[in-house]
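Asker: return atomic coordinates for the entry below.
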Amino acid sequence: MITTARPRRRAERSVGTVLRRLDSGQLLLICAAGLVAVAGVGYTAAAGLERPEIAVGFGALIAVGELARLTMPGNREVAPIGAAAALGYTLLLDLSQNPLRHPALQVVAVIAVGMTAGALPHLAVGRPPRLDAMARRLLIGALPAFAFRPLADPLYELTKPPTSTWWPALAAMATLITITLLIDVLIAALLRAEQVRTAFRVAVRDEINMAFPLGAAVGSSGVLLALATHSMDLVALLVFAAPLLVTQVAFRKYAGIRATYLQTVRALSRVTEVGGYVEPGHSRRVSRLAVAIGRELGMAEPELLELEYAALMHDIGQLSLRDPIPGGATVLTEPEQARRIAELGAEVIRQTGVLDRVAEVVRRQCDPITEDPPLSSRIIKVANAYDDLVGPSTDRDRAGAALERVRQSPGGSYDPHAIEALGRVIDRGRV
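Answerer: Numbering: from 1, shown residues only. From the prediction side, this is the model:
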């Protein structure tokens, strides 16, 4: 009883934590997906499954995809195998030249049940899926189903004599996938803009750069899966599942490398704290503040990642000092000493062999703006100066005084745009 109760309590706590973190946009998305899922399952339960063996086959592949979901950069939860299987089931016209007439609500039911089955093992071990990401995948799978399934019969008739052409069906599939991808990007951008408090146009740009390529690959796989069943029967599921799994493994390794980089950088940034060169938590606070300022200024996601790396390691050059600076506050040191520390830190980072651009950002963080340092360097300089003056304090009067002191610094010391962005970040309480 004890061994079974503990996982249950862990799962309940995990679900409760997930629900508490949701904002209004996420809740709306989840409610919409829930209504669509209930409608699909209810209709299918009442009307019965059309060609149940096909529904079970595609549902199983969707469940496998959900079980093997992964988290991409930017904390994006994706399940490309499941998404491709859902799209393939939507676009089915025939199976071994026998027409298929499963309705859109049955497609929704198969997607919902498959996703739920794939999520249960994660839930059992206390790793619940992100409900908003799961809801988005369901809705994006349902949209093409409602648009395409009413057209399936007419399109299939065109593939038979006397016309015997697949071009109308292919055109309809391509158009539908393109529209679906655009809708997915917009929904993802709306959610992301609300979650990370960035401008909507910046969120759209990031989603196009980060998510659109994967969406295009999923769309192509779904079309090929649907067309392959025309002559290969359900064997097409096995044939196409293998390369999709290989692709997902590659994505997982890529995401793992990115996560390892960040963990290594965070560990390295703590060396200055452990050695007593800077105050505990200083690097993390500067990093969070710098990323918030970067978002406020409209930086793209890859630039924000480099900014985060550089901000975490901006003080690594202090390890070269024989006597630590009191409190590690480089804002109180002579400009030449601060620049020397930055150059030494950049040299340390260059030894990694993979973070040269981050090293350049760190090297130029103390340059006056008249020398046109990179935007990331200017942001780190402002964030570091502010945290040197405020530290871990949450007192708003102290924060206001520190911000005013940075504003009143001699001309050319700090980027005025970064200072104003810092002010907006502090006013909104985003860090």
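
Asker: all strands of the stretch 201-350 of the chain, in order?
Answerer: With DSSP state E, counting those that start in this stretch as the criterion, the stretch 201-350 of the chain has no strands.

Asker: helices of that one, start to end?
Answerer: Secondary structure of the stretch 201-350 of the chain (DSSP state H, counting those that start in this stretch): helices located at 212-232, 235-269, 271-274, 282-296, 301-312, 335-350.

Asker: which of those helices sits most buried?
Answerer: Scoring those by mean neighbour count under mean count of other C-beta atoms under 10 Å gives helix 282-296 as the most buried, with a mean of 24. The C-beta positions use only the backbone N, C-alpha and C, and glycine is treated the same way.

Asker: could you check the angle helix 301-312 makes with that one?
Answerer: 150 degrees (axes from the mean of the first three to the mean of the last three C-alpha atoms, to 10 degrees).

Asker: contact partners for the spatially most central residue of the chain?
Answerer: By C-alpha atoms, centre = their mean, the mean C-alpha position of the chain lies nearest to Arg76, the distance being 2.4 Å. Contacts here follow C-beta atoms under 8 Å, 6 or more residues apart in numbering; on that basis Arg76 touches Ala133, Ala188, Met210, Ala211.

Asker: what pairs with it across the strands?
Answerer: With beta bridges defined as DSSP bridges, Arg76 has these partners: Met72.

Asker: sorry, back to before: by mean pLDDT, show me the worst of the helices of the stretch 201-350 of the chain.
Answerer: Across the helices of the stretch 201-350 of the chain, helix 235-269 has the smallest mean pLDDT, namely a mean of 77.

Asker: for the residue of the chain positioned farthest from its centre, grab phi and psi.
Answerer: Ranked by distance from the centre of the chain (C-alpha atoms, centre = their mean), the top residue is Pro162, with 48.2 Å. Main-chain dihedrals, Pro162, degrees, to the nearest 10: phi -90, psi -10.

Asker: Arg364 now?
Answerer: Torsion angles at Arg364 (phi, psi; degrees, to the nearest 10) stand at phi -100, psi 10.

Asker: again with Gly126
Answerer: Comment: the main-chain dihedrals of Gly126 come out as phi 80, psi 20, following degrees, to the nearest 10.

Asker: also the one 3 residues further on?
Answerer: Backbone dihedrals for Pro129, given as degrees, to the nearest 10, come out at phi -70, psi 160.

Asker: check contacts around it.
Answerer: For Pro129, the set of contacting residues under the criterion of C-beta under 8 Å, 6+ apart consists of Glu66, Arg69, Glu77, Ala119, His122, Leu123.

Asker: narrow those residues to those in helices?
Answerer: Of the positions in the contacts of Pro129, Glu66, Ala119, His122, Leu123 sit in helices, assigned by DSSP state H.

Asker: ok, the second one touching Ala133?
Answerer: No. Taking C-beta atoms under 8 Å as the contact criterion, Ala119 and Ala133 are not neighbours in contact, 10.7 Å apart.

Asker: confidence-wise, which helix or strand of this structure is lowest on average?
Answerer: For the chain, scoring each helix and strand by mean pLDDT, DSSP states H and E identifies helix 2-20 as the least confident one, at a mean of 49.

Asker: so what's the residue count around the closest residue to Ile341 other than its chain neighbours?
Answerer: In space, Ile341 comes closest to Gly317 once its chain neighbours are excluded; the distance is 3.9 Å by C-beta to C-beta, 6 or more residues apart in numbering. Number of residues near Gly317 (other C-beta atoms under 10 Å) recorded here: 26.

Asker: just Arg322 next, same as before
Answerer: Going by other C-beta under 10 Å, the residues that sit close to Arg322 add up to 4.

Asker: and the strand or helix carrying Asp387, what other elements does it pack with?
Answerer: Under the criterion of DSSP states H and E, Asp387 resides in helix 375-390. Helix 375-390 sits against helix 282-296, helix 301-312, helix 356-363, helix 396-407, helix 416-428, with contacts defined as 3 or more C-beta pairs under 8 Å, 6 or more residues apart in numbering; DSSP states H and E.

Asker: ok, which of these comes nearest Leu49?
Answerer: Put simply, out of the helices and strands packed on helix 375-390 the one that sits nearest Leu49 is helix 301-312, at 42.1 Å, with distance taken as C-beta to C-beta.

Asker: ok, residues contacting that closest one?
Answerer: Helix 301-312 is touched from outside by 73-74, 206, 209-210, 261-262, 265-266, 268-269, 283-284, 286-287, 289-291, 294-295, 299, 355, 357-358, 361-362, 365, 375-377, 379-380, 383-384, with contacts defined as C-beta under 8 Å, 6+ apart.

Asker: now do that helix and helix 335-350, the angle between them.
Answerer: Note on geometry: by the same axes, to 10 degrees, helix 301-312 and helix 335-350 are set 120 degrees apart in direction.

Asker: so what's the gap between helix 301-312 and the chain middle?
Answerer: The chain centroid and the centroid of helix 301-312 are separated by 15 Å under C-alpha atoms, centre = their mean, to the nearest Å.

Asker: tilt between it and helix 235-269?
Answerer: Using the same axes, to 10 degrees, helix 301-312 lies at 30 degrees relative to helix 235-269.

Asker: ok and helix 301-312 relative to helix 356-363, angle-wise?
Answerer: 50 degrees.

Asker: how does this protein divide up, domain by domain?
Answerer: Per the record, the chain has its domains at 2-259, 275-428, by automatic domain parsing.

Asker: who's in contact with the closest residue in space to Val390 that isn't next to it in sequence?
Answerer: In space, and not counting its chain neighbours, Val390 is closest to Ala402: 4.6 Å by C-beta to C-beta, 6+ apart. Remark: with contacts taken as C-beta under 8 Å, 6+ apart, Ala402 is in contact with Tyr386, Leu389, Val390.

Asker: returning to what we had before: could you dump the helices and strands packed on helix 375-390 to CSV with distance to Pro168?
Answerer: Putting the helices and strands packed on helix 375-390 into CSV (distance: least, C-beta to C-beta, whole Å) gives the following:
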stretch, distance to Pro168
helix 282-296, 45
helix 301-312, 38
helix 356-363, 48
helix 396-407, 62
helix 416-428, 51
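
Asker: among the ones you listed, which comes closest to Pro154?
Answerer: The minimum distance between Pro154 and the helices and strands packed on helix 375-390 falls on helix 301-312, with 42.2 Å, by C-beta to C-beta.

Asker: report the angle between that closest one and helix 375-390.
Answerer: Using the same axes, to 10 degrees, helix 301-312 lies at 40 degrees relative to helix 375-390.

Asker: about what we covered before: neighbour-wise, which of the ones in helices among the contacts of Pro129 leads?
Answerer: Of those, Glu66 is surrounded by the most neighbours, 27 neighbours in total, counting by other C-beta under 10 Å.
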